[in-house]
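K.L.:
structure, please.
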Amino acid sequence: MYLHPREALPAQQAIYEGYESLVGSAWGFAHETATHAVRLMLSGLFDRHPGVQTMEEAAAWFDSSLLSPNDAQKIGGDNARRLFSGIG
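P.N.:
Now for the predicted structure:
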C-alpha cells in the first residue's frame, strides 16, 4: 500500500483559513496523509488483512528526492524506512 499526499478537499479547508499557504506541500500534504494513515490503522484494516504491507520502497524516495539536505536528514532515509516498516 502506498499513500500519496494530496491537498485537503475544498470542504475541509476551513481549518486553513487565513493560512492558505499551508494547504499544499508545506503542511497540508503531511497532515492529510498522516490523517489517512491513522484512519486506516484505527479502522482495523491491518487486523482484518494482516498481509497488507506498506511500500518500503517509498522510503527510498527520500534518498533521491529534491529535498534540502537538512529536510532529507530530518525525514528521509532511515527515519522513513523505520516509519514505513513499522506499519505493515
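K.L.:
strands of this protein, start to end?
P.N.:
With DSSP state E, there are no strands along the chain.
K.L.:
quickly list the domain ranges of it.
P.N.:
1-50, 53-88 (automatic domain parsing).
K.L.:
going by mean pLDDT, which of those domains comes out lowest?
P.N.:
Here these differ in mean pLDDT, and the lowest is domain 53-88 at a mean of 63.
K.L.:
quick one: the helices in this protein?
P.N.:
Using DSSP state H, the helices of the chain run over residues 28-42, 45-48, 57-64, 69-75, 78-87.
K.L.:
quick one, what contacts residue 71?
P.N.:
With Cβ atoms under 8 Å, 6 or more residues apart in numbering as the criterion, no residue contacts residue 71. Backbone N, C-alpha and C define where each C-beta goes, glycine included.
K.L.:
let's have the chain start at 258 instead
P.N.:
Let's use 258 as the start, then, which means that last one is residue 328.
K.L.:
now it: how far from residue 297?
P.N.:
Residue 328 is 25 Å from residue 297, where distance means Cβ to Cβ, to the nearest Å.
K.L.:
what of residue 266?
P.N.:
17 Å.
K.L.:
how about residue 285?
P.N.:
18 Å.
K.L.:
circling back to that earlier point, with neighbour numbers in mind, choose between residue 266 and residue 297.
P.N.:
residue 297 (16 against 8; other Cβ atoms under 10 Å).
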